[in-house]
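Visitor: Let's see this in three dimensions:
(2 chains)
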Amino acid sequence: MSGFDIKRPIVELPDQDPEQQIPDEELVWTDAEKKKIEIWKDQYPEPEAAIMKVLWLAQEKYDYLPPEVIRFCADTLDMDHARAYGVATFYTQYYKEEEGTFVLDVCTCFTCQFTGGYDILHHLEEKLGIHAGETTDDGMFTLQSVECLGCCGSAPMMQITNGVYCHNLTTEKVDAIIDGLENGEVPEFTSVTLPQDEDEMGGNRRSDVAKTETYQTQPRAEHTE
Amino acid sequence: MEATNGTPQSKAGDWRSYDRVLLPPIEDLHQLEVYREHGGYGQLRDVLDDPDIAPGDVTTAVKESGLRGRGGAGFSTGMKWSFMPEPDDRPRYLACNADESEPGTFKDRQLMEYNPHLMFEGILLAGYAMSIDVCYVYVRGEYADWIVHMEEQLEKLYDAGLVGENILGSDFSMEIVLHKGAGAYICGEETSLLESLEGKRGYPRYKPPFPAQKGLWGCPTTINNVETLACVPLVLEKGPEWFANTGAEQHPGPVLYGISGHVNRPGVYEYPTGMLISDLIEEVCGGMRDGKEFKALVPGGSSTPPLRADQCEGTTMDSESLREAGSMMGTAGMLVLDEDTDMVSYLRRVTHFYQHESCGQCTPCREGTGWLERIVTRIDEGEGQMRDLDLLFDLCDQMEGRTICAFADAAAWPVRYTIQRFREEFEAKVKPSIHPVSADVSSGADATAPATEG
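Guide: Now for the predicted structure:
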């Protein structure tokens, strides 16, 4: 007799039939949204190609994408549920589970690794009392360690809920950002000035942004993992 | 140039007095009005107005300029364009690769922010050259703020009649559509990008058929990087000869160097190709941070093999020189590392990245990247053994060239070359071997790769 119990799966499978989170009556598009979707469908020869845009719209609307929302998006474009589900699960920025009000994506990829990305991550872990990948009890913050966000020159950096980038982070700066977020103040868009612009133009070239920063000497990392 | 015999020569010429062309010092150049005031869309107008300029002439000019793709592979842009078949009844597509997901790369974002119209004009000129119907600009989802910014500018372009039906009153029509990604490194790979544009999982496709034959929805498609397309108006404005004579002969033109890491002044800099690495670190970036010793350079994103400081001596930033030194130009996203850097820890993070980003389509890559990470982690934690180093080489052999796309190669190269070039650091971390061997010979009898480089 084998000691292996075939009834118990080796890997814990996700819930195959989870309870519906968003009631059916809420799964409708407003007229403005419908109009947007129609425009998107026309941008591609096949409407299915608009699925990524529709999923983004749904995520803005419902904050995350439980299975019923993915099915709803698929139906909107008249495509197979499985295909839409495949897309939603392939890309990391689509949230398949409910996240905190603010998702803090701290970059720890190699430049950030050597310039203090993990120091920022660990500081946030301590401050919020959670590990990377977890959400605070009050549902306010989700903390994640993410791959390169394309901001290596102004490392360490993080992104807030798939939106604004925060550059040249220090622990003081992170504390101020968290305090602000707790009061609902999301940092504004910051333009990072090119070093050559500083030399030749005396600062940032955009007159339409209020907040600018420069590239700075990057800090020394205390932790690299 | 004061460099004389024996002193390494920069191929960038008189770079200290170089005038920027990709990001010229003009305030608010990102606004359509300002861009047009400074001659913007003039090249497009000339090309459309002049009946003597045929689409093929634009391609010829780009070919003559020697422009090579700025997205990593460094393939000749004019050549790529000429792969497009003669127009038939099928629609033709251009995809602008603004996915910029290679770790260490951040130059396209700055170009999209400060001079997006140069990219748009390049798209339109490329569109004219290849009789394109629609261009999809695939921007990574993380760049949400920059997408909003470009959407505004694109709307202005439609209003001004610069994009859409009968551009500037000519019979050339072309649409530009912005497509927002959602966080997948692999979508920077050209065929994966096409899959993603079609609304699918970003699984790379087999080649052949190449995208020029069968790309988006089975139609002829060309894929170019943001910076590559932004070079096209410059080629026409200043002439292919000017472009060909700027920077390194075999890899000419202006280029955006995205320098990060342990230097005093990191950032995106525009200079000609062929800059000496030592000039970039010492003069452009103001030297190493805290006066530390320069130890290693990752010249063009995480996939390019890291170089030791001695390998960088006299090496210039162009594909020929970097190949001789044992690496690649990649995206010119340079990560500079100082003497305190632990290269095992570096490799651990890089392998983690590839493990996380493998799309999972091919077994050697899906499984291999995980093994690479676990073995390197084991070594980093002091649990590794000497034979693990050979195991890593063996794994690399089994991954390289055995998958649909080049991701597995890109994941294996950093492992192979970091170990070969910084072997003593790895050996210092593994458990003492029962049979100690010198670093010059491999620890395994069946080792397929030399333990150290020539």
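
Visitor: And residue A:76, how close does it get to residue B:346?
Guide: The gap separating residue A:76 from residue B:346 is 45 Å, by CB to CB, to the nearest Å. No exception for glycine: its C-beta is placed from N, CA and C like everyone else's.

Visitor: the more surrounded of the two?
Guide: Comparing residue A:76 with residue B:346 by other CB atoms under 10 Å in any protein chain shown, the one with more neighbours is residue B:346, at 26 against 21.

Visitor: so who does that one touch?
Guide: Residue B:346 sits next to A:110, A:113-114, B:306, B:337, B:418 when contact means CB atoms under 8 Å, 6 or more residues apart in numbering or on different chains.

Visitor: count of neighbours near residue A:34?
Guide: Counted with other CB under 10 Å, residues neighbouring residue A:34 total 12.

Visitor: export the host helix or strand of residue B:196 as CSV, just CAs?
Guide: Following DSSP states H and E, one finds residue B:196 within helix B:190-197. Extracted C-alpha coordinates of helix B:190-197, given in CSV (Å, rounded to 0.1, in the frame of the first residue of the first chain):
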residue,chain,number,x,y,z
GLU,B,190,8.6,41.5,-30.7
THR,B,191,6.4,38.5,-31.4
SER,B,192,5.1,38.5,-27.8
LEU,B,193,4.3,42.1,-28.2
LEU,B,194,2.2,41.2,-31.3
GLU,B,195,0.3,38.5,-29.3
SER,B,196,-0.4,41.0,-26.6
LEU,B,197,-1.6,43.6,-29.1
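
Visitor: List the buried residues in the following helix or strand past that helix.
Guide: As assigned by DSSP H and E, the chain's next helix or strand after helix B:190-197 is strand B:221-225. For strand B:221-225, burial by neighbour count (16 or more other CB atoms under 10 Å in any protein chain shown) applies to B:221-225.

Visitor: One more: stretch B:73-89?
Guide: B:73-74, B:77-78, B:80-82, B:84.

Visitor: what sits up against it?
Guide: Counting by CB under 8 Å, 6+ apart, B:59-69, B:92, B:126, B:129-131, B:210, B:212-213, B:220, B:222, B:224, B:228, B:231-232, B:251, B:319, B:328-329 sit against stretch B:73-89.

Visitor: Weed out the non-buried ones from these.
Guide: B:59-63, B:65-69, B:92, B:126, B:129-130, B:210, B:212, B:220, B:222, B:224, B:228, B:231-232, B:251, B:319, B:328-329.

Visitor: what about stretch B:96-110, start to end distance?
Guide: In terms of CA to CA, to the nearest Å, the two terminal residues of stretch B:96-110 are separated by 16 Å.

Visitor: Can you list the low-confidence ranges for the stretch 351-454 of chain B?
Guide: B:433-454 (pLDDT under 70).

Visitor: tell me which parts of it are close to chain A?
Guide: Residues of the stretch 351-454 of chain B lying close to chain A by CB under 8 Å from any CB of the partner chain are B:353, B:356-357, B:359, B:380.

Visitor: and the two most separated of those?
Guide: The span of those, defined through CB to CB, is set by B:359 and B:380 at 25.6 Å.

Visitor: Isn't residue A:203 up against residue A:212?
Guide: Yes - between residue A:203 and residue A:212 there is a contact under CB atoms under 8 Å: 7.2 Å.

Visitor: which residues do these two both contact?
Guide: Shared contacts of residue A:203 and residue A:212, counting by CB under 8 Å, 6+ apart, come down to residue A:193.

Visitor: who's more crowded, the two?
Guide: More crowded of residue A:203 and residue A:212, by other CB under 10 Å: residue A:212, with 14 against 11.

Visitor: Am I right that that one falls within a strand?
Guide: Yes - Residue A:212 forms part of a strand when assessed by DSSP: H, G, I helix; E, B strand; the rest coil.

Visitor: quick one: secondary structure of the residue nearest in space to the middle of chain A?
Guide: Centroid-nearest residue in chain A, with CA atoms, centre = their mean: residue A:162, separated by 3.6 Å. Under three-state DSSP, residue A:162 falls in the coil class.

Visitor: OK, contacts around it?
Guide: Counting by CB under 8 Å, 6+ apart, residue A:162 has contacts A:93, A:103, A:105, B:141-142, B:144.

Visitor: ok, now residue B:280?
Guide: By CB under 8 Å, 6+ apart, the contact set of residue B:280 is B:257, B:259, B:269, B:271, B:317, B:334.

Visitor: Fine, thanks again, bye for now.
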